[in-house]
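Q: Compute the structure for the input listed below.
(2 chains)
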There are 2 protein chains.
Amino acid sequence: MIRTATEADVPTIHAMIHELAEYEKAAHEVESTPEQLRAALFGEHPAAFAHIAEDDTTGEPVGFALWFRTYSTWTGTHGIHLEDLYVRPSARGAGHGRALIGELARLCRENGYARLEWAVLDWNEPAIAFYHGLGAVPIDEWRIFRLSGEALQGFGGAA
Amino acid sequence: MIRTATEADVPTIHAMIHELAEYEKAAHEVESTPEQLRAALFGEHPAAFAHIAEDDTTGEPVGFALWFRTYSTWTGTHGIHLEDLYVRPSARGAGHGRALIGELARLCRENGYARLEWAVLDWNEPAIAFYHGLGAVPIDEWRIFRLSGEALQGFGGAA
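A: Prediction:
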């Protein structure tokens, strides 16, 4: 039901990235190409990883999880940041989301990773309820800051 | 003034991790050992990296940045998550923090990374003001969820 992604999954994962971004009302923010995805997941030094959820009957991909490793100076261990979790609407309610997170939780236990983390949009109440149901807790006292675009390009006086 | 960390810096970085956690009122949460830090930064497949800020005159380490690579399915590129940024109190106000972030911004530009991100405690007003001054923006619409401890160990029916 859950398997690691292969290079042949790149077009499907790229399509699902767009489907997820549409749901997140951010389709216009997706600039990634299948080639970039292929390089990140299957290049010489992969720093991103993906798992696929398959339909039990047809074997068709119905969802994916894309993640990378983190490091905590408090726990001393690596962890997993789940960057994207998506299940196609037609396949929802069948446990694919829970199974994808379960596989990453298993990887954490196997490798001694102390934390499995992800971000959710604050208006996405169904997802938030689902995550609470899994036993995950919101880390509300931390705020994320981002340097990007012109602020990043020009930082420190560079062009 | 800023240099990449070497294995000889591990005890100093570990000491500064504790100093930072004390400032963050979380000293009791630091469980990491120097050995874990050494493995993460200088093991066979490092997934965490560190830079050291040195005093211009004495060459003594006065601060550090510890970071890892991220991946965004929207930008299609890797990025940097700055896990820890710390400058010792006696060396503050001399530009070390800005120089450490500047070095990571330079690495982002050099490698085509679109985002440099970090988390800050919501009560840490001096840090928040500093980050705004750098041109960084808070990503307020996203909430972080974490699965850890017993919820992670027991997820999916495992022990």
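
Q: And the contacts of stretch A:23-33?
A: By CB atoms under 8 Å, 6 or more residues apart in numbering or on different chains, the residues outside stretch A:23-33 that reach it are A:14, A:17-18, A:21, A:121, A:124, B:72-77. Where you see a C-beta, it was placed from the backbone N, CA and C, and this is true even at glycine.

Q: Kindly format the C-alpha coordinates of that stretch as PDB.
A: Output in PDB follows, covering the C-alpha atoms of stretch A:23-33 (Å, rounded to 0.1, in the frame of the first residue of the first chain):
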ATOM      1  CA  TYR A  23      -6.200  22.900  -2.800                       C
ATOM      2  CA  GLU A  24      -4.000  25.200  -0.800                       C
ATOM      3  CA  LYS A  25      -5.000  28.100  -3.100                       C
ATOM      4  CA  ALA A  26      -1.400  28.500  -4.100                       C
ATOM      5  CA  ALA A  27      -1.200  27.000  -7.600                       C
ATOM      6  CA  HIS A  28       0.400  30.200  -8.900                       C
ATOM      7  CA  GLU A  29       3.300  29.700  -6.400                       C
ATOM      8  CA  VAL A  30       4.400  26.300  -7.900                       C
ATOM      9  CA  GLU A  31       7.400  27.000 -10.100                       C
ATOM     10  CA  SER A  32       9.000  23.600  -9.800                       C
ATOM     11  CA  THR A  33       9.600  21.400 -12.900                       C
END
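
Q: got the buried residues for that stretch?
A: Neighbour counts over stretch A:23-33 (16 or more other CB atoms under 10 Å in any protein chain shown) mark A:24, A:30, A:32 as buried.

Q: Spit out the contact partners of residue A:116.
A: Neighbour list for residue A:116: A:79-80, A:82, A:101, A:104-105, A:108, A:136, B:146-148, B:152 [criterion: CB under 8 Å, 6+ apart].

Q: Weed out the non-buried ones from the residues you listed.
A: A:79-80, A:82, A:101, A:104-105, A:108, A:136, B:146-148, B:152.
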